[in-house]
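# Attaching a predicted model along with its sequence, questions to come.
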Amino acid sequence: MAIRAVLWDIDDTLFDYTGADRAGLAAHLADEGIAERYGAPHEALALWRRITDRHWGRFAAGEVGFQGQRWDRVREFLAAPGLSDAQADDWFGRYVEHYEDAWTVFPDVVPVLDVLAAGYRHGVLTNSSLANQDPKLRRLGLRDRFEVLVCAVELGVSKPEAAAFLAACAELGLEPHEVVYVGDQPEIDARGARDAGLTAVWLDREGGRGPGPDGVHRIAGLDRLPEVLAADTRFGARSAIR
């Protein structure tokens, strides 16, 4: 059966999360008067990302709540274990203001959504919360492009678990083999989607990240996605469209 819908990741797929995070964190640290503690902006971001990944893993494992992982990220980043929840929340809120000021979509996003609008249904599956991602998509002018927005926090399971992908397919009323998933992470997105029975497309914008999982389509930009969908080659050798 032909592909009928595209499910999308958001951060670093549709939305330049890394660019916004780098610029927002740098501006925030400068405003807080602590930028010199962390070296260059890319060094500060690398530390923030390592801490974020670790505490998000705790959240995904059910060890801490969504707000709790945010507070713990702030405490570790500032090396301030005694910071109260309210103080950590305030610090994170000030960071978010700078981060949101830097929001932008990648330049290939709207053109490909326009091209695919008539031929495919569209939805989103993201490892975040509805409270975060719905306003983000609205501010970026993208929310009306998607029939469904499925988020890990409300769902209770996150990518790469098959249950997350299957729940998003169910929201569309489609079988996994009728759906493509597009995301920037080779394991969480591409391998997870493939293992759940979807057609997996790994968006590798920067390149140089190794061969990636077998059985997925790899593209360097969203302008190549229509070609993948038109071919509808679910089986056989991995696509290496660049």
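Alright, I've got the coordinates.
# quick one: residue 201 is in a strand?
Yes: residue state for residue 201 (DSSP: H, G, I helix; E, B strand; the rest coil) corresponds to a strand.
# so how far is residue 27 from it?
33 Å (Cβ to Cβ, to the nearest Å). For every residue, glycine as well, the C-beta is placed using N, CA and C.
# Please say which of these two ends up with more neighbours.
Shown here are residue 201 and residue 27; by other Cβ atoms under 10 Å, residue 201 has more neighbours (29 against 18).
# In contact with the residue of the chain most remote from its centre, which residues?
Here the centre of the chain is the reference, and by Cα atoms, centre = their mean the most remote residue is residue 82, at 31.0 Å. Counting by Cβ atoms under 8 Å, 6 or more residues apart in numbering, residue 82 makes contact with nothing.
# same question, residue 49
Counting by Cβ under 8 Å, 6+ apart, residue 49 touches residue 21.
# what does the model give it for pLDDT?
Residue 49 carries a pLDDT value of 94.
# in the top helix by length along the chain, what's buried?
Ranked by residue count and defined by DSSP state H, the top helix of the chain is helix 41-60. Using 16 or more other Cβ atoms under 10 Å as the test for burial, helix 41-60 gives 41, 44-45, 47-48, 51-52, 55-56, 59-60.
# Could you report the neighbour count for residue 120?
As a burial measure, residue 120 scores 18 neighbours (other Cβ under 10 Å).
# how much space is there between the spatially closest residue to it that is not a sequence neighbour and residue 44?
Leaving aside its sequence neighbours, residue 120 sits nearest to residue 6 (Cβ to Cβ, 6 or more residues apart in numbering; 5.2 Å). Per Cβ to Cβ, residue 6 is found 35 Å from residue 44.
# Repeat that for residue 112.
32 Å.
# before we move on, what about residue 68?
23 Å.
# now swap in residue 199 and tell me
37 Å.
# Point out where this protein drops to low pLDDT.
1, 232-242 (pLDDT under 70).
# what about the helices in it?
Under the criterion DSSP H, helices of the chain are mapped to 17-32, 41-60, 66-78, 85-101, 109-116, 130-139, 152-155, 162-172, 192-195, 225-231.
# mind putting those in CSV, distance to residue 122 included?
Listed next are the helices of the chain as CSV, based on distance: least, Cβ to Cβ, whole Å:
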stretch, distance to residue 122
helix 17-32, 19
helix 41-60, 25
helix 66-78, 26
helix 85-101, 24
helix 109-116, 7
helix 130-139, 11
helix 152-155, 18
helix 162-172, 9
helix 192-195, 15
helix 225-231, 12
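# Pick the most buried one from the ones you listed.
The highest average neighbour count among the helices of the chain, using mean count of other Cβ atoms under 10 Å, belongs to helix 192-195 at a mean of 23.
# Quick one: neighbours of residue 121, just the number.
Neighbours of residue 121 under the rule other Cβ under 10 Å: 19.
# ok, and the closest non-adjacent residue to it?
residue 5 (4.0 Å).
# surely that neighbour meets residue 122?
Yes: using Cβ atoms under 8 Å, residue 5 is in contact with residue 122, at 6.7 Å.
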